[in-house]
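Undergrad: here are the coordinates; sequence isn't available:
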Ligand SMILES: [Zn+2]
């Protein structure tokens, strides 16, 4: 275990060791000389090849016993037998590994449900190939109904140029079509969509956005950042029943990826209402720590209060607000301190200027909410850290304010995360997805503070991992793989990209468990396997090792709040040859 990890673990669990309120029931003191009372039977006992507890006092165990929503025992298989009663479900999983429930610290669960229901053009190798997917979707819906989708990436296409509306017009002339880029920061529309949105040659670029145009000044069909609203505002809203179906689809997908919880980054009040109804009815199978989307809701925050969840057992908690300081690197919307190396005429866009960010941070802090701000470029990261600092000493730390992505950070600003107590919420798979083209955007000199997970951790910052699904695949094992190898799925580059920024396995695991628990005020309740903690558990088909085997490690079983959310996979009994 590295010193950095040990320090992080101690800072995460120090409050417990120092005797803060223990979540478990007080243990009865044994009477000297009397035989020990057998403990009350557990509801569930799991024995496995290894239990990785992430508890620095006893990092490895063999078995876990669960009573109700909480862990009643962690230790040896023999010790767990005392918890087996007539009604106890006993699950024996030799060779498997139990870890604390994996939590995606930055995801879009509702967005995943939407993505699962809408045509995906992800991975398409040309604009025409993407348009062919749209043509297929158009056959299944009435004329005039919107076709929305996402996933295109012109960097995968011949010439790597942004597309025009023409291929989409050919594919679906009578359906308005609006497709988000894979990073969510650009929209590709057809002529019908632009007509429906009333966009013609006279349309103005909105603040924080750009309409791409041809040589004659006609919009080409691609809208960057806030200009996407010009089209998307015309798409009819989804009714609650559709939202519910999408949330549940997204949750099933997340569970099958081994997740017990997600931090839902930016949803509207209509989606919040659907989440609340699902949680109240006991129908939400995964824990959701949610953030309201958008600067438009800040004034109204004063009239509402963040949800409280002292026990750490709520399935849905709304406690934060998500804002955007800039766009993404792929579409050159990330705000950089110096111009793009591969397009010197631009240094990206700040979606909120420094005053707006400072004002927003104050409004959110005064209302007692947690602020999470998307910042990709080094200029955006600096502006957000400045806004946090302007709140006064200790304020951002006390409210656990977060920077989402913290992707390109000036080396001068790197120590400020720890100094301000700002959480760095980063996505290891973004590093391996972006590595083929990020150096061209940034130039070698700026790479030093880019995707710098090891540097952030070593600086003392709290580092939370997520996937940003559906931007990336939901599997946290892919994130752990990217963080520990810094390689893509084909093992490139040899030795890893910027290998000095690799984490070790325990550090990566911590960033998907205890660290998101801290970011959700649940570090005394969730994020490790210890007696009294909430029984959120992920069981993997084999123990983790820091190599390619991570990506095809099966998810064996998922337990959320003591409830088996995904049953163990059926196994053929071992047979003698
Ligand atoms: Zn996101």
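TA: Arrived safely. Quick caveat: nothing in here was measured; it's all calculated off a predicted structure.
Undergrad: now the longest strand anywhere in the chain, how far from the centre of its chain.
TA: In the chain, taking DSSP state E as the definition, the longest strand is strand 89-100. Distance, stretch centre to chain centre, for strand 89-100: 26 Å (Cα atoms, centre = their mean, to the nearest Å).
Undergrad: got the contact list for it?
TA: Here strand 89-100 makes contact (Cβ atoms under 8 Å, 6 or more residues apart in numbering) with 43-54, 64, 84, 509, 513-514, 526-529, 536-544, 556-557, 564, 568. Any C-beta I mention is one placed from the backbone N, CA and C, and that applies to glycine too.
Undergrad: can you pull the buried residues of that strand?
TA: 91, 93, 96-100 (16 or more other Cβ atoms under 10 Å).
Undergrad: I'd like the next helix or strand past that strand.
TA: strand 102-107 (DSSP states H and E).
Undergrad: verify the contact between residue 461 and residue 413 for me.
TA: No. The criterion here is Cβ atoms under 8 Å, and residue 461 misses it with residue 413 at 11.0 Å.
Undergrad: who's more crowded, those two?
TA: residue 461 (26 against 18; other Cβ atoms under 10 Å).
Undergrad: show me the contacts for the more buried one.
TA: By Cβ under 8 Å, 6+ apart, the contact list for residue 461 reads 417-418, 422-424.
Undergrad: next, format the residues you listed as JSON lines and append distance to the ion and pLDDT.
TA: Below are the contacts of residue 461 laid out as JSON lines (distance: Cβ to the ion, whole Å; pLDDT from 0 to 100):
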{"residue": "417", "distance to the ion": "19", "pLDDT": "98"}
{"residue": "418", "distance to the ion": "23", "pLDDT": "98"}
{"residue": "422", "distance to the ion": "17", "pLDDT": "98"}
{"residue": "423", "distance to the ion": "15", "pLDDT": "98"}
{"residue": "424", "distance to the ion": "14", "pLDDT": "98"}
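Undergrad: and of the residues you listed, the nearest to residue 161?
TA: residue 424 (33.7 Å; Cβ to Cβ).
Undergrad: skipping its backbone neighbours, what lies nearest that closest one in space?
TA: Excluding its sequence neighbours, the residue lying closest to residue 424 (Cβ to Cβ, 6 or more residues apart in numbering) is residue 406, at 4.3 Å.
Undergrad: around that neighbour, how many other residues sit close by?
TA: Residue 406: 32 neighbours (other Cβ under 10 Å).
Undergrad: the longest strand of the chain pairs with which strands?
TA: According to DSSP bridges, strand 89-100 has the following sheet partners: strand 44-52 (parallel), strand 537-540 (antiparallel).
Undergrad: out of those strands, nearest to the ion?
TA: strand 537-540 (22.2 Å; Cβ to the ion).
Undergrad: does whatever residue of the stretch 251-400 of the chain ends up closest to the ion count as helix, strand or coil?
TA: Nearest residue of the stretch 251-400 of the chain to the ion (Cβ to the ion) works out as residue 265 at 4.8 Å. Here residue 265 is recorded as strand under DSSP: H, G, I helix; E, B strand; the rest coil.
Undergrad: does it touch residue 107 like I think?
TA: Yes. Here residue 265 lies in contact with residue 107, judged by Cβ under 8 Å, at a distance of 6.6 Å.
Undergrad: what do those two both touch?
TA: Common neighbours of residue 265 and residue 107 (Cβ under 8 Å, 6+ apart) are residue 468.
Undergrad: which one's more surrounded, the two?
TA: residue 107 (28 against 25).
Undergrad: the nearest residue to the more buried one once chain neighbours are set aside: neighbour count?
TA: Counting by Cβ to Cβ, 6+ apart, residue 107 lies nearest to residue 262, which is 4.4 Å off, once chain neighbours are set aside. Counted by other Cβ under 10 Å, the residues lying close to residue 262 total 28.
Undergrad: show the contacting residues for residue 262.
TA: Applying Cβ under 8 Å, 6+ apart, the residues near residue 262 are 103-104, 107, 109, 254, 286-289.
Undergrad: how about 6 Å then?
TA: Neighbour list for residue 262: 104, 107, 109, 288 [criterion: Cβ atoms under 6 Å, 6 or more residues apart in numbering].
Undergrad: how about residue 284?
TA: 278, 315.
Undergrad: find the residue at the geometric middle of the protein.
TA: Residue closest to the average C-alpha location in the chain (Cα atoms, centre = their mean): residue 106, at 2.2 Å.
Undergrad: from the ion, how far out is the closest residue to that one other than its chain neighbours?
TA: In space, and not counting its chain neighbours, residue 106 is closest to residue 466: 3.1 Å by Cβ to Cβ, 6+ apart. Separation of residue 466 from the ion (Cβ to the ion, to the nearest Å) stands at 8 Å.
Undergrad: what does the stretch 201-350 of the chain have sitting close to the ion?
TA: Within the stretch 201-350 of the chain, the positions adjacent to the ion are residue 265 by Cβ under 5 Å from the ion.
Undergrad: let me see the ranges of the helices in the stretch 201-350 of the chain.
TA: Counting by DSSP state H, counting those that start in this stretch, the stretch 201-350 of the chain has helices at residues 228-232, 240-256, 269-280.
Undergrad: mind listing what's buried in the shortest one?
TA: Applying a neighbour-count criterion of 16+ other Cβ under 10 Å, the buried positions in helix 228-232 are 228, 230-232.
Undergrad: and for the last one?
TA: Buried positions in helix 269-280, judged by neighbour count with 16+ other Cβ under 10 Å: 271-272, 274-276, 278-279.
Undergrad: before we move on, back to that, the residue nearest to residue 106 against residue 102, yeah?
TA: No. Assessed by Cβ atoms under 6 Å, residue 466 is found out of contact with residue 102, at 10.7 Å.
Undergrad: isn't residue 464 up against residue 427?
TA: No. If you go by Cβ under 6 Å, residue 464 and residue 427 don't touch, sitting 9.8 Å apart.
Undergrad: check contacts around the residue in the stretch 401-550 of the chain that the ion sits nearest to.
TA: Closest contact between the stretch 401-550 of the chain and the ion, by Cβ to the ion, is at residue 468 (4.4 Å). Counting by Cβ under 6 Å, 6+ apart, residue 468 makes contact with 106, 427.
Undergrad: for it, which three-state class applies?
TA: Here residue 468 is recorded as coil under three-state DSSP.
Undergrad: torsion angles phi and psi at it?
TA: With angles defined as degrees, to the nearest 10, residue 468 sits at phi 60, psi 30.
Undergrad: helix or strand: which one has residue 528?
TA: Using DSSP H and E, no helix or strand contains residue 528.
Undergrad: tell me the phi and psi of it?
TA: Dihedral angles (degrees, to the nearest 10) for residue 528: phi -150, psi 170.
Undergrad: residue 491: neighbouring residues, count only.
TA: Neighbour number of residue 491 under other Cβ under 10 Å is 12.
Undergrad: okay, it: pLDDT?
TA: pLDDT for residue 491: 94.
Undergrad: residue numbers of the stretch 451-577 of the chain in contact with the ion?
TA: residue 468.
Undergrad: so residue 189 versus residue 238, what's the distance?
TA: 19 Å (Cβ to Cβ, to the nearest Å).
Undergrad: out of those two, which sits in the more crowded spot?
TA: Between residue 189 and residue 238, residue 189 has the larger neighbour count (other Cβ under 10 Å), namely 26 against 17.
Undergrad: ok, what's across the strand from that one?
TA: For residue 189, the beta-bridge partners are residue 178 (DSSP bridges).
Undergrad: any idea how far it is from residue 164?
TA: When residue 189 is compared with residue 164 (using Cβ to Cβ), they lie 10 Å apart.
Undergrad: hmm, back to that, so which of residue 466 and residue 102 has more stuff around it?
TA: A direct count of neighbours by other Cβ under 10 Å for residue 466 and residue 102 places residue 466 higher, at 31 against 28.
Undergrad: how confident was the prediction at the more buried one?
TA: 98.
Undergrad: same question for residue 282.
TA: Reported pLDDT for residue 282: 97.
Undergrad: residue 11 now?
TA: pLDDT, residue 11: 49.
Undergrad: also residue 117?
TA: Turning to residue 117, the model gives it a pLDDT of 77.
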